[in-house]
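In: Sequence isn't available, so here's the structure alone:
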């Protein structure tokens, strides 16, 4: 199609007055409704398995049956889990604030000039905003199909003593959808041992947000906690998970996983700021999700809703952009995103054209620290929240806009 | 009774092998059960009044009908309320962390050498621990029957530029049970205007934890927010409340009240660390408590359980310590505590003797910063959690221990 024909096609789509949205990495109404049995599930019985009253104060680490859910999601023993409130991001803020300003079993990272964290890119924008809000610099590392480029990561850890941590979304990564290879997990687990006594310790921030969010079957992920125990680095690994994309997105429960010194350090900080988490909601979740089998059965119901949307994205991207040389994209086996890489220099223009045609896309660059994609290439597609029938027209507009952006160059 | 007779009485009580506890400032099982209709109250309808889906992400300030509950508790318009998760202490930590390390509409307090907060004593131990954890020094101010000694407070604000805030529990104060007089509230509201432009601003931290926790009738408290608006200091007042001692202590909802610049500053920080609060639980609370009338009716049911316990404390203290010259104590009209002042030098010994006789008391000094009561005089009595029939033997032991402690001197 030449530029004039593309412009005509674009104008035709634009004149339909559509109002479509591929920005929202959140579950659809159908998905959250799968957990509607939560409210009322206690049937008047507020006692935890250990007999304690979930209605009253106390218990900074959460109730055991809820910590057992975290154990499944993070692949660590239940004793190595703290269960918190509705936001794992808030737990991440607590952990990184502790590492940065208080020290977690060592001196505060912020005492080092140029204190930084490693950010594999493209990545999760909220990790970047959180790091920035705590005054930490961000050093980017490219993603490969196997996870962060470990040659670069290892070199950074060796040569940049002011780098104190790395953010990881190890399974169905946001936004690339990749799952870290066994070799990447083991090399990450060994990273902290590259720092000697007296040097700034190095932490692995393991945000396993999509650990059970598979479309078909189950994509395995090596256990970083086991690897860390093998290499004696377990005191430098902090794992996170939540039920936000399992039950009710805004009203779930969240988890920190780690070795006892990590949990004790976090508990000490929690003790200064809260009397304990919402244990009633923890009990609801334990009764609703039950165990590994219960979680997996529930996630199959999610997959039945979500997978058809990703199938449409893949098909329309192929129709629109296959063999054009203009774009490549990920074909995730789970998670919430498709990561589209268009020809360098086209992303912002594509997003702008789409917006004018009635399709909201996540701002170009949002998957990079400070919103700055140096290649102006990456676009994050989030198809879960919209209706299935809206995905085809939405991705069609995206494809046409990308081709038009190229033709207009 | 002479020392020998007291020792004999003490030994007799001790030999009963009792296991009593007056340390726990938390509601009893009967009290939390008053709110058991919360779980299941939504009956499958998760829509907020504005039509939004409480199950999904978003809405940093909480849903309007829950903010309306905070409006009743804090005596501010609903538009001046943020509704959060289960812990108002966590909101206080966020606010004080912001004032100390980020600046709330001004430069960070921690940039001032010797950055401090004013702590009326005796006071709430968790305010002290929180301040200390953020590296703030604590300057104590004595409580009068009308609230903090305002002559001293005003002098401190004028002469100590490094003092950046004051902690207040204005109604049924923890532990003294006093409610601030109208004059005290107005003088507090005017405090921030004593600081000029360019000087460190001064904040009022207004923890109205017991605003509706009356035993009989209703003890009025002047609205500090109204006073602050009158004196143009409203940008320096931050109010807090929660439903922790109204519904389920560990599973309630919490509130920040303030002028728009205060709320916007806090929302900006929240946006870096969470996608939003648990709106499902907010909706439950709005449906359960409904409005001011609903809250007051619910609090009358609490009072029916709590007041008889305080009546027994008053009667037994009178029997044991009245006219001995050894002690004075508060006669609260609401709240959770009786504050007992024994003859200087007797508190720690009294607590120790009680412990050995099977009565757990809050450690002497706990109501002072760093647990240090310079007079060794104050003992906090928390009668709500224990069974009614245990209050009489518990307070009897306390009385005997106080008299024995004196006799042993």
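Out: Arrived safely. Just so it is clear, the structure is predicted and the values come from calculations on it, not from any experiment. Residues are numbered from 1 along each chain as shown, chains lettered A, B, ... in the order given.
In: so how far is chain B from residue A:316?
Out: 26 Å (C-beta to the nearest C-beta, to the nearest Å). C-beta coordinates here come from the backbone N, C-alpha and C atoms, glycine included.
In: Residue A:371 now?
Out: For residue A:371 relative to chain B (C-beta to the nearest C-beta), the value is 14 Å.
In: I'd like to know how many residues surround that residue.
Out: By the criterion of other C-beta atoms under 10 Å in any protein chain shown, residue A:371 has 13 neighbours.
In: Get me the contact residues on the stretch 151-300 of chain A for chain B.
Out: By the rule C-beta under 8 Å from any C-beta of the partner chain, the part of the stretch 151-300 of chain A lying against chain B is A:244, A:248-251, A:269, A:271-281, A:284.
In: What subset of those is buried?
Out: A:244, A:248-251, A:269, A:273-281, A:284 (16 or more other C-beta atoms under 10 Å in any protein chain shown).
In: Among these, which pair sits farthest apart?
Out: With distances taken as C-beta to C-beta, the most widely separated pair in these is A:248 and A:269, at 27.0 Å.
In: Setting the sequence-adjacent residues aside, check what's closest to the residue in the stretch 301-409 of chain A that chain B sits nearest to.
Out: Going by C-beta to the nearest C-beta, chain B is nearest to residue A:385 of the stretch 301-409 of chain A, at 8.4 Å. With sequence-adjacent residues excluded and distances taken as C-beta to C-beta, 6 or more residues apart in numbering or on different chains, residue A:385 is closest to residue A:24, at 4.1 Å.
In: who touches that neighbour in this structure?
Out: A:382, A:384, A:385, A:386 (C-beta atoms under 8 Å, 6 or more residues apart in numbering or on different chains).
In: residues from the stretch 1-150 of chain A in reach of chain B?
Out: Going by C-beta under 8 Å from any C-beta, the residues of the stretch 1-150 of chain A near chain B are A:26-27, A:29, A:32-33, A:35-36, A:38-44, A:46, A:53-59, A:85-87, A:89-90, A:92-93, A:101, A:126, A:129-130, A:132-133.
In: Show the buried residues in the residues you listed.
Out: A:26-27, A:32-33, A:35-36, A:38-42, A:46, A:53-57, A:59, A:85-87, A:89-90, A:92-93, A:101, A:126, A:129-130, A:133.
In: I'd say the residue of the stretch 301-409 of chain A closest to chain B and residue A:26 touch.
Out: Yes. If you go by C-beta atoms under 8 Å, residue A:385 and residue A:26 touch, sitting 5.2 Å apart.
In: Tell me who's in contact with the closest residue to residue A:152 other than its chain neighbours.
Out: Leaving out its chain neighbours, the residue that sits closest to residue A:152 by C-beta to C-beta, 6+ apart is residue A:141, at 5.2 Å. Counting by C-beta under 8 Å, 6+ apart, residue A:141 touches A:118, A:119, A:120, A:121, A:148, A:149, A:152, A:153, A:156, A:166.
In: Just the residues contacting stretch A:40-49, thanks.
Out: A:53-55, A:63-65, A:279-280, A:283-284, A:287-288, B:32, B:36, B:39-40, B:42-43, B:248.
In: 7 Å instead?
Out: Applying C-beta atoms under 7 Å, 6 or more residues apart in numbering or on different chains, the contact partners of stretch A:40-49 are A:53-55, A:63-65, A:279-280, A:283-284, A:287-288, B:36, B:39-40.
In: Can you measure across it, start residue to end residue?
Out: 18 Å (C-alpha to C-alpha, to the nearest Å).
In: what's the offset of that stretch from the middle of its chain?
Out: Centre-to-centre, stretch A:40-49 and its host chain are 31 Å apart (C-alpha atoms, centre = their mean, to the nearest Å).
In: do stretch A:243-258 as well
Out: For stretch A:243-258, the distance to the chain centre is 12 Å (C-alpha atoms, centre = their mean).
In: Straight-line length of it, end to end?
Out: End-to-end for stretch A:243-258, by C-alpha to C-alpha: 18 Å.
In: Identify the residues contacting residue A:340.
Out: Going by C-beta under 7 Å, 6+ apart, residue A:340 touches A:327, A:329, A:379, A:381.
In: let me fix that: residue A:408
Out: Contacts of residue A:408 (C-beta under 7 Å, 6+ apart): residue A:3.
In: Can you pull the phi and psi angles for it?
Out: Residue A:408 has phi and psi values of phi -80, psi -10 when expressed as degrees, to the nearest 10.
In: And the helices in the stretch 201-350 of chain A?
Out: A:224-230, A:260-270, A:279-289, A:292-321, A:347-356 (DSSP state H, counting those that start in this stretch).
In: Quick check: mean pLDDT of the helix or strand encompassing residue A:10?
Out: Here residue A:10, judged by DSSP states H and E, is contained in helix A:3-14. On average, the pLDDT along helix A:3-14 is 95.
In: which strands and helices sit next to that helix?
Out: Packed against helix A:3-14, as judged by 3 or more C-beta pairs under 7 Å, 6 or more residues apart in numbering or on different chains; DSSP states H and E, are the following elements: helix A:388-408.
In: average pLDDT across the helix it packs on?
Out: Helix A:388-408 comes out at a mean pLDDT of 97.
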